[in-house]
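# Dropping a prediction and its sequence here:
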Amino acid sequence: MGKILPFPAKQPSKFGFERAGKHGTQNPDQINRSPARMAEVRRLPVNISLFEEALLLDERGDSRAAETYRRAIAEGDFAADAYCNLGIIESGAGRRTKAFDCFTRSLGHDPRHFESHYNLGNLYYGEDNLRLAKMHYELAAEINPGFANLFFNLGLVLALLEEPKAAIEAFSRYQLLAPPEERRNADDLIRELRRSLDTTRSNTLS
């Protein structure tokens with residue numbers, strides 16, 4: 001089969017990383033932490049776990065988030081989620097090897113951790129390792145089939161792998177799940193893929 005690409009003149013960007021909230025296992029010692037301990041972090045709620053503290057810092061762009069995630073991991077407080085979010089921080093700092101390690105360690109704690117599979121897919125996409133990107137996106141889709149951005153990214157990978165029918169299915173799934181104002185993101189991609197399929201069929205018949 002000839003190459004399915006090029007995409008439209010401006011090649012679309014994939015959707016970025018997805019931060020984990022709380023799911024998985026929490027260390028019971030981290031419940032109802034004392035106000036005295038929380039005094040070290042200004043203007044954060046009292047009686048929250050280390051992971052929750054790290055997540056709040058992370059959402060505010062506070063540089064203390066990374067170290068707080070590490071403390072959460074050391075104390076077994078939502079370790080899979082903490083590793084996942086630490087991986088996003090490492091990637092953002094350009095430390096891709098450490099990011100890979102964090103997401104992999106997250107999956108060691110929870111092999112069905114959706115965000116870590118999705119984020120690994122994004123990392124492998126960025127490294128042009130499309131087969132592994134596809135694998136992690138598909139695993140993520142089995143875990144959470146309602147996450148629209150995943151199917152957009154999967155569609156991009158499938159198109160680059162010259163799997164046009166599967167790519168069209170992924171982009172169509174994205175359009176079903178995405179808000180109405182965002183569905184047009186996939187219109188040009190689907191149109192180009194269908195045109196490529198028609199060209200391939202015509203060449204086969206001629």
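Done, it's in.

# The helix or strand harbouring residue 173: what's the following helix or strand?
Assigned by DSSP states H and E, residue 173 falls within helix 164-177. Counting by DSSP H and E, the next helix or strand C-terminal to helix 164-177 is helix 187-205.

# Any buried residues in that following helix, and which?
For helix 187-205, the neighbour count (16 or more other Cβ atoms under 10 Å) marks 189-190, 192-193, 196-197 as buried. Every C-beta, even on glycine, is put in place using the N, C-alpha and C of the backbone.

# Now tabulate those residues in JSON lines and tack on distance to residue 180.
Formatted as JSON lines, these follow (distance: Cβ to Cβ, whole Å):
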{"residue": "189", "distance to residue 180": "17"}
{"residue": "190", "distance to residue 180": "16"}
{"residue": "192", "distance to residue 180": "22"}
{"residue": "193", "distance to residue 180": "22"}
{"residue": "196", "distance to residue 180": "27"}
{"residue": "197", "distance to residue 180": "26"}
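
# ok, now which ones touch residue 156?
Neighbouring residues of residue 156 by Cβ atoms under 8 Å, 6 or more residues apart in numbering: 12, 14, 125, 167, 189.

# Are any of those buried, and if so which?
The neighbour-count test (16+ other Cβ under 10 Å) marks 14, 125, 167, 189 as buried among the contacts of residue 156.

# State the distance from the third one to residue 153.
When distances are taken as Cβ to Cβ, to the nearest Å, residue 167 and residue 153 turn out to be 11 Å apart.

# now swap in the second one and tell me
To residue 153, residue 125 is 7 Å away according to Cβ to Cβ.

# Could you name every residue contacting both of these two?
14, 133.

# Sweet, I'm off.
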